[in-house]
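In: show me the folded form of this:
(chains A and B)
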There are 2 protein chains.
Amino acid sequence: MAFCPRFHKAIEQIGSRWTGVIIRALANDVRRFGDLKHSIPGLSDRMLADRLKELQVDGIVERTVIPETPVRVEYRLTDKGCSLADVMAAITIWAETWVELDEPDAEVELCIE
Amino acid sequence: MAFCPRFHKAIEQIGSRWTGVIIRALANDVRRFGDLKHSIPGLSDRMLADRLKELQVDGIVERTVIPETPVRVEYRLTDKGCSLADVMAAITIWAETWVELDEPDAEVELCIE
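Out: Take a look at the predicted model:
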């Protein structure tokens, strides 16, 4: 069958602009808003905030407030989000084989962990 | 490492709105423009045409003109496109497990082939 509504919804959830790299950073234990922003070149505060909200609505990310002084906020993948590991791995392998960069950089060889 | 530019480019290529379901339909041997449109509910002519053009630029889809009368045009996945099979399969499995539909329909159980 060509069309699958669950597949459609899934790829629209994880394929939005910036969403994939945010999930990948969270999977690599980057948990603070500032650290996420710092780890993803070109991502604005606004876009990161919007995407994190969408990912919470979709049940992929959870936001935890840690009652320290000052208060600390962390973002983590939920079980649903952690279950994207196979998807992320398959995309990484495909990317390494087939995707060419306009401006190759030295970090590329580190992408498969 | 949290950020991988190839991964980022890959997921932006395959994650654009409608792109995933178009690739999935092509993987299921739907090859004609009209058949693609018919197989994907809600997809407009304009959006399908734009996405097919982008997929050709990205080297994921090839367009073949078959010199019959009338001329016949077919779209097929390239080797790069066919290599997305593992990604599509991983997303399908994740979707079946984790993605809930607002309006479940009877076709859903047919999604894993």
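In: looking at chain A, which helix or strand does the model trust least?
Out: Lowest mean confidence among the helices and strands of chain A (mean pLDDT, DSSP states H and E): helix A:5-15, at a mean of 91.
In: nearest residue to the residue nearest to the spatial centre of chain A other than its sequence neighbours?
Out: Note on chain A: the residue nearest the mean C-alpha position is residue A:23, at 1.6 Å, using C-alpha atoms, centre = their mean. With sequence-adjacent residues excluded and distances taken as C-beta to C-beta, 6 or more residues apart in numbering or on different chains, residue A:23 is closest to residue A:84, at 6.0 Å. For glycine as for every other residue, the C-beta is placed from the backbone atoms N, C-alpha and C.
In: same check, this time on residue A:49
Out: In space, residue A:49 is closest to residue A:33, 7.7 Å off (C-beta to C-beta, 6+ apart).
In: burial of the one you found, as a residue count?
Out: Residues near residue A:33, counting by other C-beta atoms under 10 Å in any protein chain shown, number 16.
In: now residue A:20
Out: By other C-beta under 10 Å, the residues close to residue A:20 number 22.
In: quick one, what contacts it?
Out: By C-beta atoms under 8 Å, 6 or more residues apart in numbering or on different chains, the contact set of residue A:20 is A:14, A:88, A:91, B:7-8, B:11-12, B:15.
In: returning to what we had before: I'd guessed the residue nearest to residue A:49 sits against residue A:75; true?
Out: Yes - counting by C-beta atoms under 8 Å, residue A:33 touches residue A:75, with 7.2 Å between them.
In: which residues in chain A form helices?
Out: A:5-15, A:19-27, A:33-39, A:45-57, A:79-82, A:85-98 (DSSP state H).
In: tally of neighbours for the closest residue to chain B within chain A?
Out: Proximity to chain B, evaluated over chain A using C-beta to the nearest C-beta, is greatest for residue A:15 at 2.1 Å. The criterion is other C-beta under 10 Å. On that basis, residue A:15 has 21 neighbouring residues.
In: any idea how far it lies from residue B:16?
Out: Distance, residue A:15 to residue B:16, by C-beta to C-beta, to the nearest Å: 7 Å.
In: quick one on the thing from earlier: quick check: the residue nearest to the centre of chain A touching residue A:91?
Out: No - the pair residue A:23 and residue A:91 does not pass the contact test of C-beta under 8 Å, sitting 10.3 Å apart.
In: which pLDDT value goes with the residue nearest to the centre of chain A?
Out: Reported pLDDT at residue A:23 in the predicted model: 95.
In: do the same with residue A:74
Out: 97.
In: check contacts around it.
Out: Counting by C-beta under 8 Å, 6+ apart, residue A:74 has contacts A:31-32, A:63-64, A:66.
In: if we can go back for a sec, my guess is the residue nearest to residue A:23 meets residue A:22, correct?
Out: No - judged on C-beta under 8 Å, residue A:84 makes no contact with residue A:22 at a distance of 11.4 Å.
In: and the two? Which one has more around it.
Out: residue A:22 (27 against 24).
In: please name the nearest non-neighbouring residue to that one.
Out: Per C-beta to C-beta, 6+ apart, closest to residue A:22 is residue A:51, 5.4 Å.
In: neighbours of that neighbour, just the number please.
Out: Neighbour tally, residue A:51, other C-beta under 10 Å: 20.
In: look up how far residue A:86 lies from it.
Out: Taking C-beta to C-beta, one finds residue A:51 at 21 Å from residue A:86.
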